[in-house]
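Colleague: when you get a sec, could you give me coordinates for this:
(one chain, ligands or ions: 1)
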Amino acid sequence: GDPNSIGGQTDYTIIGIEPGAGIMNQSRDAIEKYGLDNWQLVEGSSAAMVAELKKAYNKKEPIIVTGWSPHWMFSTYDLKYLDDPKNTYGGSEDINTIVRKGFKEDAPGAYTILDQFSWKTSDLEEVMVDVTGGMDPSKAAEKWINANQDKVAEWTKGAQAGNGESIKLVYVAWDTEIASTNVIGKILEQNGYRVTLSQVEVGPMFAGVANGSADAMVSAWLPSTHLEYYNTYKNDFDDLGPNLKGTKTGLVVPKYVDINSIEDLK
Ligand SMILES: C[SH](C)CC(=O)O
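Modeller: Numbering: from 1, shown residues only. I've put the predicted structure just below:
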């Protein structure tokens, strides 16, 4: 193709994350729906994707990544989403809290806290920025909790204290979920539970809560990004609804890249 086109400048590659992520299904769908025949979606990880973004951005080179909000990269770099007229990324979404069957009976206090857990994208971004700035996620969680006792009090209101019951939270190493799982895990600890955080891939995250080997997760991107995983397991767990509203996934480019829609990749 034309070496000066966006495809020519990026070797017709979109930098993705790990293959099982919902955003990768959406991106494979977009490549097909927009007829981006000679484009390829590069699989890797969240960490590798942001490393590629940093490298290109520092050299003001064009790059297209699979991106999502909230994410610290939007406060670090001047980025924009490509318009998605065919709505392959599903527009605004929520992140839901999901617990295993029987959790309410086994750990009523923890169930109440997880059910009442609800915060804003700005809250989550504060924790993410500290983590990406090098702070240990558990320390960043503690810092946020100490600075937001009013919000935490809303989540723990009416929750009976645990007496050392163990709780296993599963999450995927996306910047958003590292932050949110450390915050809620720390709060459960402070309320008398023995909490372990287990980092897994997205399939095992849903399967673990569904088969009861994990107790809960606060990482279900719905109704679009994780729809397939949700539909596979939804009869085997309890969906407590959103803990965060107004998230988004899509293709993201630095603002210095002069295209504005996925259509422009053709
Ligand atoms: C990368 S988003 C946080 C979630 C997903 O794509 O599965």
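Colleague: pLDDT score for the residue in the stretch 51-200 of the chain that the ligand sits nearest to?
Modeller: Proximity of the stretch 51-200 of the chain to the ligand (Cβ to the nearest ligand atom) peaks at Trp174, 4.0 Å away. From N, CA and C alone the C-beta is placed, and that goes for glycine too. Each residue has a pLDDT score; the one for Trp174 is 95.
Colleague: now swap in Glu43 and tell me
Modeller: 98.
Colleague: residues in the stretch 51-200 of the chain within reach of the ligand, list them.
Modeller: Contacts of the stretch 51-200 of the chain with the ligand, taken as Cβ under 6 Å from any ligand atom, map to 68, 174, 176.
Colleague: need the longest helix for this protein.
Modeller: helix 175-190 (DSSP state H).
Colleague: would you map the strands across this protein?
Modeller: With strands called from DSSP state E, the chain shows them at 13-15, 40-42, 65-69, 79-81, 93-100, 166-171, 194-199, 216-222, 237-254.
Colleague: highest mean neighbour count out of these?
Modeller: Mean neighbours per residue, mean count of other Cβ atoms under 10 Å, is largest over those for strand 216-222, with a mean of 27.
Colleague: contacts for that one next, please.
Modeller: 22, 93-100, 103, 110, 114, 117, 167, 169-172, 174, 176-177, 180-181, 184, 205-206, 208-209, 226, 229-230, 239, 243, 247, 249 (Cβ atoms under 8 Å, 6 or more residues apart in numbering).
Colleague: quick one on the thing from earlier: quick one, what contacts the residue of the stretch 51-200 of the chain closest to the ligand?
Modeller: By Cβ under 8 Å, 6+ apart, the contact set of Trp174 is 17, 21, 46, 68, 219.
Colleague: in CSV, list those residues along with pLDDT and distance to Val129.
Modeller: Putting the contacts of Trp174 into CSV (pLDDT from 0 to 100; distance: Cβ to Cβ, whole Å) gives the following:
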residue, pLDDT, distance to Val129
Ile17, 98, 19
Ala21, 97, 22
Ser46, 94, 15
Trp68, 97, 15
Ser219, 98, 19
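Colleague: closest one of those to the ligand?
Modeller: Nearest to the ligand among the contacts of Trp174, with distances taken as Cβ to the nearest ligand atom, is Ala21, at 3.5 Å.
Colleague: tell me the phi and psi of that closest one?
Modeller: Main-chain torsions, Ala21, degrees, to the nearest 10: phi -60, psi 150.
Colleague: likewise Trp174?
Modeller: With angles defined as degrees, to the nearest 10, Trp174 sits at phi -90, psi 150.
Colleague: so, low pLDDT: which residues of the stretch 1-150 of the chain?
Modeller: By pLDDT under 70, the weakly predicted segments of the stretch 1-150 of the chain are 1.
Colleague: thought Gln9 was touching Pro62?
Modeller: Yes - if you go by Cβ atoms under 8 Å, Gln9 and Pro62 touch, sitting 4.5 Å apart.
Colleague: tell me the pLDDT of the nearest residue to Ala107 once chain neighbours are set aside.
Modeller: Leaving aside its sequence neighbours, Ala107 sits nearest to Glu165 (Cβ to Cβ, 6 or more residues apart in numbering; 5.2 Å). pLDDT recorded at Glu165 is 97.
Colleague: Glu165 contacts Tyr193, correct?
Modeller: Yes - with contact defined as Cβ under 8 Å, Glu165 counts as touching Tyr193 (5.7 Å).
Colleague: so these two - more neighbours on which side?
Modeller: Per other Cβ atoms under 10 Å, whichever of Glu165 and Tyr193 has more neighbours is Tyr193, with 21 against 15.
Colleague: how many residues are close by the closest residue to the more buried one other than its chain neighbours?
Modeller: Distances taken as Cβ to Cβ, 6+ apart place Gly162 nearest to Tyr193, at 3.9 Å, with adjacent residues excluded. The number of residues packed near Gly162 is 21, by other Cβ under 10 Å.
Colleague: what does Gln149 give?
Modeller: Neighbour count for Gln149, taken as other Cβ under 10 Å: 9.
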